[in-house]
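# Sequence first, then the predicted structure, then my questions.
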Amino acid sequence: MPEMTSDLTWVAMLLPFAAAVLAPWLVARLGANGAWILALAPALAFLHFTGFLPEIAAGERVTGGYAWVPSLNLSFSWFIDGLSLTFALLITGIGTLIVLYAGGYMKGHAQQGRFIGFILLFMGAMLGLVLSDGLLMLFVFWELTSITSFLLIGFDHGREASRRAALQALVVTGGGGLILLAGIIFIWNITGVSQLSLLLATGDALRESPFYLAALFLVLGGAFTKSAQFPFHFWLPNAMEAPTPVSAYLHSATMVKAGVYLLMRLNPVMGATPAWEILLPFFGGITLIVGAVLAVRQTDLKLMLAYTTVASLGLLVMLTGFDTPYAIEAAVLYLVAHSLFKGALFMVAGAIDHEAGTRDITRLGGLRKLMPITFAAALLAGISMAGLPPLFGFLAKEEIYAALAGTSPRAILFTAVAVIGNALMFVIAFAVGLKPFIGAEAQTPKHAHEGPVLLWLGPLTLAVLSLVAALLSGVTHRFISSPMASAVEGEAQTITISLVPHLGAALALSVLTVILGVVLYRGLDRLRNAVDRLVTGLGVSPDRGFDHFVSGLVRLSSAVTRIVQNGRLETYITLSFIFVAAVLLVTPFVYGELPARFNLPAKVDLHEMAILAIAVIGVIAVLTAKDRLTAIVCLGIQGFAVAVIFLLYGAPDLSFTQFMVETLSVVILALVMTRLKLSPSDHRPPLARLLDGSLAIACGLGFALMLVAATSGPFDNALSAFFAEYSKIIAHGANVVNVIIVDFRGVDTLGEIAVVMITGLSILALIRIRVSSGPAAPASLAPAAASAPQVAAADVSAKAARPVKTKGGKRS
């Protein structure tokens, strides 16, 4: 397949981020009109990606990017084919309309600029996700979408429900992202490539690997959490706490389809296996039914649409994993159709709420004369969602039934699942797109009227696009559907379905869906009550399970903390040295890596013997010291003796550093001993001394064995030769040691400086605490007038220091 390169794509990818930076400043000066200017960023990106349509339709692929870490084959690169281009057009095209819609919906809000900035940040993250060629960059943008969605869902952070929904979405999707990272590492190690464009050329390498199932489960974990598949579906309806522009963008057209995108992207290299064709249809089918049934239970327009989004995502996953000729084509058509009609319906729901003051379907009616433009958009989008001609949703539904229809038990089962799910979504389509506008005019909290152009422009545009795409299906298939299906299938595909119906099983199933949908729609109230009784009777839900999981995790963390972090520094130090000794001693014995012999020097001079003797005397002095201060000073003797040994063996720089460290250590420790209230001598019981002594000997022996093992082998001077050769050339320094510390290991040196600084600040804090908690002045010397406030303040401090028992709340 031929490839092209593009050097301007990175500019298009960065445009939303640049606009996000300008959004607060621009909206603060222009108000809601600033949305028109900010919308130019995604609009320009949309035009840029539109320019690739002819090349992609001709079977070409566009690549480009910049090397990041060449030694690890990591790069900031992009990969554009039919799949990524379709997503890029949806993200930027619908994103342009969402920015405009947010300008009208959030008009007058004090934080409107921040909100639009968050929308644009998410847009940039989502765009990076679908265009990334590098697996690592895909993961980075994947997690960035979770972070930005957290900011958007929790935008109204003053409400507890918003904060809970945002945290829930972050935990589920962010945790799924970490699972995906493990899957990416598996794929990277199995295939040896880190770029999607190269991965797609590896053929059956993944499928034939013994680690295929592990990689598949990890990838599905990331995809299912992101695309709200059962049992992780609960976070998406709760995310409706976000303002409606967020729901219309993230939770219908973009973020929730990231998991579907990942599955479609990996289908050529991970699909067509029994595990793939069992797991995806199974979980997708369950999600379709669960989402559609729960949607009927709701009366809030946004929640009805949210649950049908869950159902639609399940349908997409089910089709992606189905092993019939038209399944991928059906998934592609439905993905595009869903993005158009669901984005429009969400914006319609927001417009109704904005102008009528409520989203409760039982309190709405007769809005067609009051909001005629919104009604037209809602009706067109509803018809497309119901799968009726002449909208694009009709083409998708016909292709779905063409893909699923068959005589095998498996085909009959999943066809029945699709018919029931589509019939229930038919009900919701007209419940949202028709019911609020017909009948007698209802009394609403606000007198409804047609909203400003910013509120109806977006839904009307998407609804009309759904009509135009169906009427010009040949053009749509040529530039959008067929290239996308080819990318997902891994080979050239041509989609030809049109509005002209073909007699057969697909048409019969479509008619059956409409009949069933009409019957259920007419009895919507009874159906809603029946589903409510069913769900209430079950009494359990994944949402409540999430709460129990979080509370259990908190209790477990508290228990572990009480055991491991008990507040005693002595325990922390002891455990640390136990693990150090275990690593140094157990590993050599288990793996037989003890040094074969000890390379003792052939001759030891008298002055060297004297230095060693001084070091031994220092150790004995430390062990026999009667007080702490004497032990600290004697401890410095060993350090000075080691520094002299370094000097004798030709390492003056290291020797000087050792002298400085030992001097500062003795001075600082002595200063601390004089300022802190400690017993002058060590009063540990014999058992504690035995344990500490054994631990010290074990650590010392472990380090000695490690040094002996390191020095017993032949010396490899490759690193020394490298530093000697390149210190002058690269770092322009003649002192090799200084160059290593400052240049080659500059970051390490910076870390060491930071450690020393933090240690110094900690010591200073201890000294100040000691000074501030010194003996108080006698009461007789204190002013009489100040005694009462002091007593009151002491009483308040005492109360604040007491543990307070609180009764935890429980969500119903």
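Everything's here; your move.
# most distant residue from the middle of the chain?
L606 (64.6 Å; C-alpha atoms, centre = their mean).
# so where's the stretch 451-600 of the chain shaky on pLDDT?
Scanning the stretch 451-600 of the chain for pLDDT under 70 picks out the ranges 594-600.
# For the one residue sitting closest to the centre of the chain, give me its contacts.
Per C-alpha atoms, centre = their mean, the C-alpha nearest to the average position across the chain is that of E143, at 2.9 Å. Neighbour list for E143: 174, 177 [criterion: C-beta atoms under 8 Å, 6 or more residues apart in numbering]. (Glycine included, C-beta is placed from N, CA and C.)
# Going by neighbour count, list what's buried in the helix ranked longest in the chain.
Assignment by DSSP state H gives helix 160-191 as the longest helix of the chain. Residues 162, 164-166, 168-174, 176-177, 179-184, 186-188, 190-191 are the ones in helix 160-191 that count as buried (16 or more other C-beta atoms under 10 Å).
# Am I right that A378 is in a strand?
No. Counting by DSSP: H, G, I helix; E, B strand; the rest coil, A378 is not found in a strand; it is helix.
# can you count the residues close to it?
By the measure other C-beta atoms under 10 Å, the count of residues near A378 is 32.
# How about the one 10 residues further on?
Taking other C-beta under 10 Å as the neighbour definition, L388 ends up with a count of 19.
# quick one: pLDDT of it?
As predicted, L388 sits at a pLDDT of 94.
# where in the stretch 201-350 of the chain is pLDDT low?
Nowhere does the stretch 201-350 of the chain drop to pLDDT under 70.
# Show me what stretch 491-505 is in contact with.
59, 328-329, 332-333, 389-390, 394-395, 398-399, 401-402, 405, 470-471, 473-474, 477, 481-482, 485-486, 507.
# Now do the buried residues in that stretch.
So for stretch 491-505, counting by 16+ other C-beta under 10 Å, buried means 493, 495, 497-498.
# Quick one: residues in contact with the next helix or strand after the longest helix of the chain.
Per DSSP states H and E, helix 160-191 leads on to helix 196-199 as the next helix or strand towards the C-terminus. Applying C-beta under 8 Å, 6+ apart, the set of residues contacting helix 196-199 from outside is 3, 61, 63, 79, 132-135, 138, 187, 191, 193, 265, 269.
# Check stretch 70-78 too.
Here stretch 70-78 has contacts from 6, 9-10, 13, 62-68, 131-134, 136-137, 193-195, using C-beta under 8 Å, 6+ apart.
# go on, stretch 531-541?
234, 293-294, 296-297.
# go with 6 Å
Residues outside stretch 531-541 that contact it (C-beta atoms under 6 Å, 6 or more residues apart in numbering) are 293, 296-297.
# Let me know the closest of those to R562.
Lowest distance from R562 to the contacts of stretch 531-541 (C-beta to C-beta) belongs to R297, with 42.8 Å.
# residues contacting the closest one?
Contact analysis of R297 by C-beta under 6 Å, 6+ apart lists 528, 531-532.
# average pLDDT for the biggest strand by length in the chain?
Longest strand of the chain, by residue count under DSSP state E: strand 61-69. Averaged across strand 61-69, the pLDDT comes to 83.
# Show me what counts as buried in stretch 434-454.
The neighbour-count check on stretch 434-454 (16+ other C-beta under 10 Å) flags 434-437, 442, 444, 448, 450-451, 454 as buried.
# got a list of contacts for it?
100, 103-104, 351, 355-358, 363-368, 370-371, 373, 375, 382.
# what about G382, distance to A431?
Separation of G382 from A431 (C-beta to C-beta, to the nearest Å) stands at 9 Å.
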